[in-house]
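*Asks:* 3D model of this:
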Amino acid sequence: MERVEHDDLPAPYSLINGPRRDQDAVIAGLSISRSSGQVEGQNTKVKRMLLGLVVGGSPAT
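*Replies:* Here you go, the predicted model:
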């Protein structure tokens, strides 16, 4: 991260700048042993069902 900050290229800098601004959240997300996979799976299922209802297609199961 430090080498990218000292480089003149804008693309790698913007890639590093986001996690650097919210470094506490990144560290917490990587160090917590719990997973939100089940919750995210349920959210995805609901979104697919709603999308199926909105576009008129058959809801995903």
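*Asks:* CA only for contacts and neighbour counts going forward, please
*Replies:* OK.
*Asks:* which residues of the protein score low on pLDDT?
*Replies:* With pLDDT under 70 as the threshold, the chain has low-confidence stretches at 1, 5, 10-14, 35, 53-61.
*Asks:* Go through it and flag its longest helix.
*Replies:* Secondary structure of the chain read by DSSP state H shows that its longest helix is helix 37-55.
*Asks:* What residues sit buried inside that one?
*Replies:* For helix 37-55, the buried set under the neighbour-count rule, 16 or more other CA atoms under 10 Å, comprises R48, M49.
*Asks:* That one: how far from the chain's middle?
*Replies:* Centre-to-centre, helix 37-55 and its host chain are 16 Å apart (CA atoms, centre = their mean, to the nearest Å).
*Asks:* Stretch 25-44 now?
*Replies:* The chain centroid and the centroid of stretch 25-44 are separated by 10 Å, computed with CA atoms, centre = their mean.
*Asks:* Can I get it in PDB, CA atoms only?
*Replies:* Written as PDB, here are the backbone C-alpha positions of stretch 25-44 (Å, rounded to 0.1, in the frame of the first residue of the first chain):
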ATOM      1  CA  ALA A  25     -13.700  -1.600   9.100                       C
ATOM      2  CA  VAL A  26     -11.400  -3.600   6.900                       C
ATOM      3  CA  ILE A  27      -9.400  -4.900   9.800                       C
ATOM      4  CA  ALA A  28     -12.600  -5.800  11.700                       C
ATOM      5  CA  GLY A  29     -14.100  -7.600   8.700                       C
ATOM      6  CA  LEU A  30     -11.000  -9.700   8.200                       C
ATOM      7  CA  SER A  31     -10.500 -10.500  11.900                       C
ATOM      8  CA  ILE A  32     -14.000 -11.400  13.000                       C
ATOM      9  CA  SER A  33     -14.500 -15.200  13.100                       C
ATOM     10  CA  ARG A  34     -18.200 -15.000  12.400                       C
ATOM     11  CA  SER A  35     -19.600 -15.100   9.000                       C
ATOM     12  CA  SER A  36     -22.600 -13.300   7.600                       C
ATOM     13  CA  GLY A  37     -23.000 -15.800   4.700                       C
ATOM     14  CA  GLN A  38     -26.400 -17.000   5.900                       C
ATOM     15  CA  VAL A  39     -27.800 -13.500   6.100                       C
ATOM     16  CA  GLU A  40     -26.300 -12.600   2.700                       C
ATOM     17  CA  GLY A  41     -27.800 -15.700   1.200                       C
ATOM     18  CA  GLN A  42     -31.300 -14.800   2.500                       C
ATOM     19  CA  ASN A  43     -30.900 -11.300   1.200                       C
ATOM     20  CA  THR A  44     -30.000 -12.600  -2.300                       C
END
